[in-house]
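Engineer: pasting the sequence and the predicted model now:
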Amino acid sequence: MLLESSRLLKAGSVGGTRDKILAALSTSVRETDVKGWYKHDSVVGVILTEVGSASRETVANALSAKITDSLSLFLSSEQVRQVDLSFYVFPEDWDKEGVRDPKAHPNLAPVRDPKKVSLFVKRCIDILGSSLALIVGSPAFVAIAIAIKLNSKGPVLFRQQRVGQYGNRFTFLKFRSMYVSNDPTIHREYVANLIAGAGDPEGKNVYKLTDDPRVTRVGRFLRKTSLDELPQFLNALKGEMSLVGPRPPIPYEVERYEIWHRRRLLDVKPGLTGLWQVTGRSKTKFDDMVRLDLQYARSWSVWLDIKILWRTPRAVLMGDGAY
């Protein structure tokens, strides 16, 4: 959808009409919709996802009526008539090359960019928090490493390729909780069913596979307490992850993503903890998890990160939804 008004969308417009139009849009679209400048100061674009199988005319008419009603709450009738709405439909396989860096596609630049100062503060928190965790947690690292080696053969650390911001891959670290040389097919099939909405065989619709036969006895304890996640402080220290953000998916998970799911890979770096972890952890359904990730990216602030970090220890200690 393109919303155009070269007069009302100019910076410093009379009566703050640009802010009013953007506020009207914010109340009319969802976290899964992508908003940005299609043409700066004159045209705002919105990529609308999850619109269902209705005809394009039905969808366009419904959206046009909804946007017009919302604009009427903020603008005069004369100003509403100065706003032009147009709609365009693209097939779901329009981009077969996967996620791309939005910086290479300036036609839809974000309306709201996080301030550089805030991003600098976030990075400082990542460095200081990760360094402190690695120093204070060093005795736990040694104890966990010994327990892993005594329980089963194989390395202490588990390394896996994960997909980070803008689709960039990196080596993700965890304490090994599974037997070596295991078959990933069981998890690959489970993830495919989960993303498709089929849930797990037990009908719990949890994000992690329960009763996984590949997990060791020590591994079950590490997963239940989230101690297997501790090495990811190294990923955060290196800048591949942040302390707070969406969880980084495995490449074969991304292959199963619908187009709107991919948005969670664009806005912010992946993190050790996030909004969905402190809300429902693994009990959250996949689509709801993605919506929480998008909600986090949309409302991100340093203060929000601090609140999530504050709530994380309680979520871990409660162990609700952890497997």
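Structural biologist: That came in fine, so what should we check first?
Engineer: how about low-confidence regions in the protein?
Structural biologist: 50-56, 90-115, 198-211, 280-284, 319-323 (pLDDT under 70).
Engineer: list the buried residues for the helix ranked longest in it?
Structural biologist: Using DSSP state H, we find that the single longest helix of the chain is helix 116-136. Buried positions in helix 116-136, judged by neighbour count with 16 or more other C-beta atoms under 10 Å: 122, 125-126, 129-130, 133-134. Yep, even glycine has a C-beta here, placed from its N, CA and C like the rest.
Engineer: would JSON lines of those with distance to W276 be doable?
Structural biologist: Shown next, in JSON lines, are the buried residues of helix 116-136 (distance: C-beta to C-beta, whole Å):
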{"residue": "K122", "distance to W276": "19"}
{"residue": "I125", "distance to W276": "20"}
{"residue": "D126", "distance to W276": "19"}
{"residue": "G129", "distance to W276": "20"}
{"residue": "S130", "distance to W276": "21"}
{"residue": "A133", "distance to W276": "21"}
{"residue": "L134", "distance to W276": "25"}
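Engineer: which one among these gets closest to T273?
Structural biologist: Comparing the buried residues of helix 116-136 against T273 with C-beta to C-beta picks out G129 as the nearest, at 10.8 Å.
Engineer: tell me the contacts of the closest one?
Structural biologist: 233, 236, 243, 309 (C-beta atoms under 8 Å, 6 or more residues apart in numbering).
Engineer: and which of these is nearest T171?
Structural biologist: Out of these, the member with the shortest distance to T171 (by C-beta to C-beta) is A236, at 13.3 Å.
Engineer: ok, the closest one - contacts?
Structural biologist: A236 neighbours (C-beta under 8 Å, 6+ apart): 126, 129-130, 242-243, 271-272.
Engineer: wouldn't K35 be in contact with T49 here?
Structural biologist: No: using C-beta atoms under 8 Å, K35 is not in contact with T49, being 11.9 Å away.
Engineer: those two: which is more packed in?
Structural biologist: Remark: of K35 and T49, K35 carries more neighbours, 21 against 15, as counted by other C-beta atoms under 10 Å.
Engineer: buried residues in whichever strand or helix holds K224, which are they?
Structural biologist: Secondary structure from DSSP states H and E places K224 in helix 217-225. Within helix 217-225, the residues that count as buried by 16+ other C-beta under 10 Å are 218-219, 221-223.
Engineer: that helix: how far from the chain's middle?
Structural biologist: 26 Å (C-alpha atoms, centre = their mean, to the nearest Å).
Engineer: could you pull out the strands for the stretch 201-323 of the chain?
Structural biologist: 242-244, 271-273 (DSSP state E, counting those that start in this stretch).
Engineer: so can I have TSV of the ones you listed showing distance to N168?
Structural biologist: Putting those into TSV (distance: least, C-beta to C-beta, whole Å) gives the following:
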stretch	distance to N168
strand 242-244	14
strand 271-273	15
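Engineer: could I get those strands as TSV with distance to S26 and mean neighbour count?
Structural biologist: Below are those laid out as TSV (distance: least, C-beta to C-beta, whole Å; neighbours: other C-beta atoms under 10 Å):
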stretch	distance to S26	mean neighbour count
strand 242-244	23	26
strand 271-273	25	25
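Engineer: can you tell which of these is closest to N193?
Structural biologist: Nearest to N193, of the strands of the stretch 201-323 of the chain and by C-beta to C-beta, is strand 271-273 at 25.6 Å.
Engineer: contacting residues around the closest one?
Structural biologist: Taking C-beta under 8 Å, 6+ apart as the rule, strand 271-273 contacts 229, 232-233, 236, 241-247, 308-309, 312, 315.
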